[in-house]
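**Student:** need a 3D model of the sequence below.
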Amino acid sequence: MARLIELSRSALLPHPVSDVYDLVSDIRRYPAFVPGIRSVQVLSERIASDDLTTMDVLISMGRAGLGMAFTTANKLKRNHRIEMRLREPGPLEDLDGSWEFEDIGGQGCRIVMVMKFRVGNPLLRASLEPALSHLSNRVVSVFAGQAARDLSSGRVR
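**Tutor:** Okay, here's the model as predicted:
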């Protein structure tokens, strides 16, 4: 069995939790600013309550001639947490991720991203593991930069 790779990154951002949560939860925008994300298709979306949404999402990733697509089941608890789980094994044998959002007393927010994944196919492992590790390592800084651009430009969702 392939090894499970687990990465955790966090950042303190000078923006309200609600603004940062809105950016991270707007998965349809990912192809515009997240490196390696080619396309995102929301297959289903269900609003269970004012603060809880579930969705199934098809994500297509690729870079330098290497690509893959996979479907995730996501649970979004407004302004608190986003959970992502792999729906069906494919190039990835396992994928489990989360975002946590914490208000830091009117000074902004703390975000924590945890990503765990396992590439099942030994032939793909050598190329996919480094690419996914690289993306996971950079994703918090990518979102921090996008939040700064969106909020400084007055972009409103």
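**Student:** C-alpha only now, for contacts and for neighbours.
**Tutor:** Noted.
**Student:** need the longest helix for the chain.
**Tutor:** helix 122-152 (DSSP state H).
**Student:** and stretch 82-99, average pLDDT?
**Tutor:** Mean pLDDT, stretch 82-99: 90.
**Student:** so which elements touch the longest helix of the chain?
**Tutor:** strand 5-13, helix 17-25, strand 109-119 (3 or more C-alpha pairs under 8 Å, 6 or more residues apart in numbering; DSSP states H and E).
**Student:** now mean neighbour count and distance to D50 too, for the ones you listed, in JSON lines please.
**Tutor:** Below are the helices and strands packed on helix 122-152 laid out as JSON lines (neighbours: other C-alpha atoms under 10 Å; distance: least, C-alpha to C-alpha, whole Å):
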{"stretch": "strand 5-13", "mean neighbour count": "15", "distance to D50": "25"}
{"stretch": "helix 17-25", "mean neighbour count": "20", "distance to D50": "14"}
{"stretch": "strand 109-119", "mean neighbour count": "20", "distance to D50": "21"}
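**Student:** Serialize the ones you listed to a markdown table and add fields for distance to L76 and mean pLDDT.
**Tutor:** Listed next are the helices and strands packed on helix 122-152 as a markdown table, based on distance: least, C-alpha to C-alpha, whole Å; pLDDT from 0 to 100:
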| stretch | distance to L76 | mean pLDDT |
| --- | --- | --- |
| strand 5-13 | 18 | 89 |
| helix 17-25 | 7 | 96 |
| strand 109-119 | 14 | 91 |
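**Student:** columns distance to T54 on top of the ones you listed, output as TSV?
**Tutor:** Listed next are the helices and strands packed on helix 122-152 as TSV, based on distance: least, C-alpha to C-alpha, whole Å:
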stretch	distance to T54
strand 5-13	23
helix 17-25	11
strand 109-119	18
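**Student:** related to what we said a few turns ago, now the angle from the longest helix of the chain to helix 17-25?
**Tutor:** Helix 122-152 runs at 140 degrees relative to helix 17-25, counting by axes from the mean of the first three to the mean of the last three C-alpha atoms, to 10 degrees.
**Student:** how far out from the middle of the chain is helix 122-152?
**Tutor:** 9 Å (C-alpha atoms, centre = their mean, to the nearest Å).
**Student:** relative to strand 5-13, how tilted is that helix?
**Tutor:** Using the same axes, to 10 degrees: helix 122-152 against strand 5-13 is 10 degrees.
**Student:** avg pLDDT for helix 122-152?
**Tutor:** For helix 122-152, the per-residue pLDDT averages 78.
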